[in-house]
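> coords please:
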Amino acid sequence: MLEPRNVDAGRGWLIFGLPPSELAVHPSSGDQHHEIYLMCDDINLFVRQLGERGIACSGIQEQRWGLLVELTLPGGGRIGVYQPKHAWP
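Presented below is the predicted three-dimensional model:
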């Protein structure tokens, strides 16, 4: 479960300490866009823990690179969280 430490920098600005992460850079076909995904060890446990806190997410989607869910952020944006199938640091 994501439970990053955070501090309130004032006026609604929260700063979060993040767990270890990875950065993947993929070739582009020209239509450039950016995506940020968070990773977890067990997507089923992650979804269950979110549900216990009343946080909804999409159903688990099978991708060739991992099992993916999407969360709707308070501002309306979406972010993906996935359990990778590939090796990761």
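
> so what secondary structure elements neighbour the helix or strand of the chain with the lowest mean pLDDT?
Here the helix or strand of the chain ranked lowest by mean pLDDT, DSSP states H and E is strand 14-16, holding a mean of 72. Other helices and strands packing on strand 14-16, by 3 or more CB pairs under 8 Å, 6 or more residues apart in numbering; DSSP states H and E, are strand 6-8. From N, CA and C alone the C-beta is placed, and that goes for glycine too.

> Which strands or helices does the strand it packs on pack on?
Using 3+ CB pairs under 8 Å, 6+ apart, strand 6-8 sits against strand 14-16.

> buried ones in the strand it packs on?
Within strand 14-16, no residue is scored as buried using 16 or more other CB atoms under 10 Å.

> So what are the sheet partners of it and their directions?
According to DSSP bridges, strand 14-16 forms sheet pairs with strand 6-8 (antiparallel).
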